[in-house]
Structure formats: C-alpha cells, structure tokens
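Undergrad: how would this look folded up:
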Amino acid sequence: MDIIGTLKKFVEEYQKEDPMNESLLMALVAGFADNDAVALESLDEAIGEAKNFPEEKAFVFYLKSIILSKQDRDEDALSVINLAIQFDSSNDVYWSMKGDILHDLDRQEDALQAYEKSLELSENDDDVDTILVRADVLSHLERHQDALKEYEKAEKLEPESTEALFGKSYELFVLGKFEESLTVCEKGLSIDRDDIDLVIHKGVIKLELGFDEESLKYFEKATVLDSTEELGWYNKACALSKLNRKEEALDALTVATGIDSENKEFMKDEKDLENIKNEERFTRLLKQSI
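TA: Okay, here's the model as predicted:
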C-alpha cells in the first residue's frame with residue numbers, strides 16, 4: 001500500500017474512536033510520515049473546514065507554517081504564521097514560531113520583538129526554549145550582555161541544559177571573561193562529555209588561553225564525534241598552525257573549506273593561521289573561492 005493509502009486507512013480507523021476534522025488529522029499523520037505534499041494539501045482542506053472555528057483555523061495555519069519553514073520557504077511561512085496570529089493573537093507558541101522564521105530570514109530586531117511578545121503571553125515566563133532562542137537572537141545582534149542574562153535565566157530554570165550552558169559560556173568568552181567561560185563550559189561537559197558544541201568551545205577557550213597542544217585534543221575529538229563538523233576541522237587547523245605543524249594544518253583547513261566554503265573568508269584575517277599564510281597551498285586554497 002502506498003503512503004497515501006496507508007494514511008487514509010489510519011484516518012478511517014482513528015475516526016471511529018475519536019472523530020475530529022478529518023483533513024487536519026490527515027495532515028498530522030502525513031507530517032509525522034514526513035510527506036510534506038500530502039500534509040500541505042490536507043492542511044489547505046482543513047482551513048476551509050475550520051471556517052467557523054478561529055482557534056482551529058489558527059492552529060492549521062501554524063502547522064502549515066512549520067512545513068513551509070522546513071522547506072526553507074521562509075517568506076511563505078511568515079505570511080502563513082501571520083494569519084495564525086490574526087486568528088489567535090494570544091497564543092505564545094505562534095509568536096515564538098514567528099520569531100523563529102524572522103530569525104531564519106535574518107530580521108533579528110523583528111525576531112526579537114516576536115520572542116518578547118511570546119514571553120509576554122507565556123503564563124509563567126518560564127518557556128526555556130523561547131528564552132534560549134531569544135538569547136541567540138540577542139547574541140546575533142551583538143547584545144552579548146543581554147544574551148548572557150537570558151542564558152543565565154534559562155540555566156536557572158533548567159540547570160542541566162547543555163544548550164543554556166554553552167550559550168552562557170560563549171557569551172562570557174565574547175565578553176573576554178575566559179576563565180569564567182571555561183568553568184561554565186566544563187560544567188556543561190560534566191553533564192554531557194560528548195556535546196560537540198561544548199567540546200569545540202572548550203578547545204577554542206584553551207587556544208585563546210595559549211594551551212595549543214591541549215586545545216588540539218578537543219578539536220580532534222570533535223572531528224571524531226562528527227567528521228562533517230567544519231568548526232572542528234577549522235579550529236584543528238588553527239591549533240596545528242600555532243604548533244607549526246604546517247602540512248597537517250593545511251590538510252585540516254582543506255577539509256574545513258570543503259565542508260563549508262565560507263571558511264575561506266575567515267582564513268584571510270585569522271590570526272591563528274599566520275604560520276601557514278605564506279604557504280603555496282594556503283594561497284591556492286584561498287584562490288579557489290574566487
């Protein structure tokens with residue numbers, strides 16, 4: 001039986017037990033089955049069926065915005081989540097979704113306003129996920145002191161959140177508080193020693209503090225945890241360069257730029273790569289971006 005046939009059979013069985021908007025149920029099942037085409041078609045039908053129920057209509061638009069966003073159709077997703085808010089402006093989840101979409105569109109100030117509205121509507125102001133995303137937006141806006149406060153708020157609500165601890169450690173690092181950053185990073189790694197963001201970040205802190213050999217161990221671990229993690233390879237190149245292991249550094253840099261060509265832009269001004277900038281391979285690698 002094809003996926004659509006399977007979904008229809010599921011809907012028919014479910015309706016016997018707990019009748020609801022059939023198109024909406026079909027869309028939910030299709031979404032879980034990762035069949036976006038069927039989900040979107042069913043959601044459009046559900047919108048028509050929910051014409052007299054504003055809250056249900058808002059929920060359908062919200063679901064549609066999720067799928068559109070997943071497809072990187074962010075402008076369409078923004079239009080649709082605005083419709084959800086039009087029908088139910090008191091739902092903090094919809095405002096948070098709008099913030100996510102605006103964040104993806106790099107409209108950070110607008111995203112921040114949406115997240116603030118979401119927090120305002122949240123009953124207890126303790127939605128950790130929204131606080132974390134809001135902190136991320138503040139960081140993108142280079143409002144690092146404000147971002148730090150948000151990560152600290154998230155940590156207080158969820159002390160073992162490695163995401164909150166990584167964010168807090170990163171903001172402390174940007175603010176030049178390297179020892180404090182290291183302490184927070186190590187706390188996060190005590191919770192999850194294989195958290196790749198924290199592993200890389202500890203390496204970055206060690207590199208900044210001049211512990212080049214030690215930092216290399218963390219970048220090597222990161223590339224083992226995930227061989228496609230370009231930050232692990234890029235920072236490994238930086239550590240190897242500082243250790244004057246030029247060929248190995250160029251090998252790591254070649255992998256990093258192969259995974260993400262944007263690294264070639266950072267190479268130009270990277271102080272930790274000074275030892276290899278006069279190498280022919282470095283020049284050749286840089287020219288490949290032209």
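
Undergrad: mind pulling up the pLDDT for His201?
TA: Per-residue pLDDT puts His201 at 98.

Undergrad: if I look at it, how far off is Tyr218?
TA: His201 sits at a distance of 8 Å from Tyr218 (criterion: C-beta to C-beta, to the nearest Å). For glycine as for every other residue, the C-beta is placed from the backbone atoms N, C-alpha and C.

Undergrad: same thing with Ala58?
TA: Look at Ala58 and Tyr218: by C-beta to C-beta, they are 46 Å apart.

Undergrad: now do Glu152
TA: Distance from Glu152 to Tyr218, by C-beta to C-beta: 24 Å.

Undergrad: okay, those two: which has more neighbours?
TA: Tyr218 (24 against 17; other C-beta atoms under 10 Å).

Undergrad: ok, that one - contacts?
TA: For Tyr218, the contacting residues are Val199, Ile200, Lys202, Gly203, Lys206, by C-beta atoms under 8 Å, 6 or more residues apart in numbering.

Undergrad: state the helix or strand in which it lies.
TA: helix 212-225 (DSSP states H and E).

Undergrad: cool, and Ala46?
TA: helix 36-49.

Undergrad: would you map the helices across the stretch 101-250 of the chain?
TA: Ranges of helices in the stretch 101-250 of the chain, per DSSP state H, counting those that start in this stretch, are 108-121, 128-140, 144-157, 162-174, 178-191, 196-208, 212-225, 230-242, 246-259.

Undergrad: ok, Ser261 - how many residues close by?
TA: 12.

Undergrad: how near is it to Val93?
TA: 36 Å.

Undergrad: cool, and Arg284?
TA: According to C-beta to C-beta, Arg284 stands 50 Å off from Val93.

Undergrad: the two: which has the busier surroundings?
TA: Val93 (17 against 11).

Undergrad: distance of the more buried one relative to Asn244?
TA: Distance from Val93 to Asn244, by C-beta to C-beta: 53 Å.

Undergrad: restricting to C-alpha, output the helix holding Tyr218 in CSV.
TA: C-alpha atoms of helix 212-225 as CSV (Å, rounded to 0.1, in the frame of the first residue of the first chain):
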residue,chain,number,x,y,z
ASP,A,212,47.6,25.0,22.0
GLU,A,213,48.5,21.3,22.4
GLU,A,214,45.7,20.8,24.8
SER,A,215,43.2,22.6,22.6
LEU,A,216,44.1,20.3,19.7
LYS,A,217,42.8,17.3,21.6
TYR,A,218,39.3,18.8,21.8
PHE,A,219,39.2,19.6,18.1
GLU,A,220,40.4,16.1,17.2
LYS,A,221,37.6,14.7,19.4
ALA,A,222,35.1,16.9,17.7
THR,A,223,36.1,15.6,14.2
VAL,A,224,35.8,12.0,15.5
LEU,A,225,32.3,12.7,17.0
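
Undergrad: give me every residue that touches Tyr234.
TA: Tyr234 sits next to Ala252, Leu253, Ala256, Asn263, Phe266 when contact means C-beta under 8 Å, 6+ apart.

Undergrad: before we move on, the earlier item: columns distance to Asn278 on top of the helices of the stretch 101-250 of the chain, output as a markdown table?
TA: Putting those into a markdown table (distance: least, C-beta to C-beta, whole Å) gives the following:
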| stretch | distance to Asn278 |
| --- | --- |
| helix 108-121 | 38 |
| helix 128-140 | 34 |
| helix 144-157 | 34 |
| helix 162-174 | 29 |
| helix 178-191 | 29 |
| helix 196-208 | 21 |
| helix 212-225 | 20 |
| helix 230-242 | 12 |
| helix 246-259 | 10 |
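
Undergrad: among those, which is the most enclosed?
TA: Each of these was scored by mean neighbour count; the highest is helix 230-242, a mean of 25, by mean count of other C-beta atoms under 10 Å.
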